[in-house]
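build the 3D model from these lines:
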Amino acid sequence: MKRYSLALAGLLAVTFGLSGCNDESSSSDVQNEAVNTHEVTVSQVQLATVPVLVNMPGSVVPDQQARIASRLMGNIQTMPVELGTHVKRGDLLFTIDPQDINSQISQARAGFQQAQAALENARADFERFSELLREESVSRQQFDGVRLQYNVAQENLAAARAGLEQAEAQLTYANVRAPFDGVVVQKLADAGDLAAPGNPVVVIENLRSLSVQTEVSQDLYAAINVGDTALIQVDGVNEVLEGEIYSLVAAANPRTRGHTTKLSLPVLDNVNSGTFARISFIRGERQALLIPQTAIVNRSGIEGVFVVTDDAHVQFRMVRLGAQQANFVEVQAGLDIDEVIVVTHNQTLVNGDRVITQTAALERSE
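As a prediction, this is how the structure comes out:
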């Protein structure tokens, strides 16, 4: 990001000392006693280089979101989480009543035991007929029939074992756990409700990894690239953030004709998805008159500044303000280059007050 500095050569104040009054007449001394004198800091109005910004509305979105559903059909037995609950990966979100699963496991175990018994019988017959075949007491055809039954019994046991393992695995699906660290942002069911595969029960988001999403016009889309930076203001955050474009969708939204654009965000506390954001894309530079925000004084709803005259008095001047630039604000009308304005201790000033001035060394950076 470019840094736009206002140092001594730019927005730097010029020191103006209060002229001595020892040589004035006695009548002037009497008059000056009625004038308040203030020690203030001043700054000389200068042109500064500011970015040309294109402002777009946007929203904070999570980089990770999971709509958690049950893999089983069944009633929700317990749900230890509520909206806003912070969870760690592996924490229990909800459980499904395992009664039906336990019945399936019992049936599968019974089938497995039957298959084991059938295999033992088939093995005994196979061994007996093998001996009889060696003694030529049975035909080859009879032996082949017994051997086939033995092979089928082995396959049946393998199938029964797989069925039992599958039924037991279903029991693990009854406990639904968080796939990552996050926060429960939606709770779509309660204990006692019927859960079904494909129907989300809770939604969790990782609020430690957030982005800003907006839609830009075709003209702006053609002018920006992945890796470009932009200025971001998020509601509730008292600072201007810097984000990097990491996703530009080439296909326009058929309804809005805008191109979805995502920008990275630093880790923020107490910011949730859906929070409104303002994105300012930088499209070049221009010259503007900037003054410190501290110079702005409100008098009866009118915004203005106190201008220092050549004889070290102040006059209130109404100004028209433009965009904010960090801790400075643009002046669109009301001031000229090289005029001197009061930037501190100005809230109690009135027209005609005399000032003793100090220079303000000011810097603006973004």
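
and Ala295, its phi and psi?
phi -80, psi -20 (degrees, to the nearest 10).

may I ask you to confirm that it is in contact with Val305?
Yes. Counting by CB atoms under 8 Å, Ala295 touches Val305, with 4.9 Å between them. Every residue, glycine included, has its C-beta placed from N, CA and C.

identify the contacts common to those two.
Counting by CB atoms under 8 Å, 6 or more residues apart in numbering, the common neighbours of Ala295 and Val305 are Ile341, Val342, Asn346.

tell me the domain ranges of the chain?
26-52+286-359, 99-163 (automatic domain parsing).

so which of the ones you listed is the most packed in?
With neighbours taken as mean count of other CB atoms under 10 Å, those reach their highest mean count in domain 26-52+286-359, at a mean of 16.

so what does the host helix or strand of Val212 touch, helix or strand wise?
In the assignment (DSSP states H and E), Val212 maps to strand 210-216. Judged by 3 or more CB pairs under 8 Å, 6 or more residues apart in numbering; DSSP states H and E, the packing partners of strand 210-216 are strand 46-62, strand 241-248, strand 259-264, strand 276-292.

and the next element down the chain from the last one?
Following strand 276-292 in sequence order, the next helix or strand is strand 297-299 (DSSP H and E).

parallel or antiparallel, list what pairs with that next one.
Strand 297-299 has its sheet partners listed here by DSSP bridges as strand 302-308 (antiparallel).

from the chain's centroid, how far away is the strand it pairs with?
Here strand 302-308 is found 39 Å from its chain centre; the criterion is CA atoms, centre = their mean, to the nearest Å.

can you check stretch 227-243 too?
11 Å.

give me the distance from stretch 177-197 to the chain's centre.
Relative to the chain's own centre, stretch 177-197 is displaced by 22 Å; criterion: CA atoms, centre = their mean.

I misspoke; the intended subject was stretch 153-164.
The answer for stretch 153-164 is 51 Å, by CA atoms, centre = their mean.

outside of it, which residues touch it?
Here stretch 153-164 makes contact (CB under 8 Å, 6+ apart) with 105, 108-109, 111-112, 114-116, 118-119, 121-123.

try 7 Å
With CB atoms under 7 Å, 6 or more residues apart in numbering as the contact definition, stretch 153-164 has outside contacts at Ala108, Arg109, Gly111, Phe112, Ala115, Gln116, Ala118, Leu119, Ala122.
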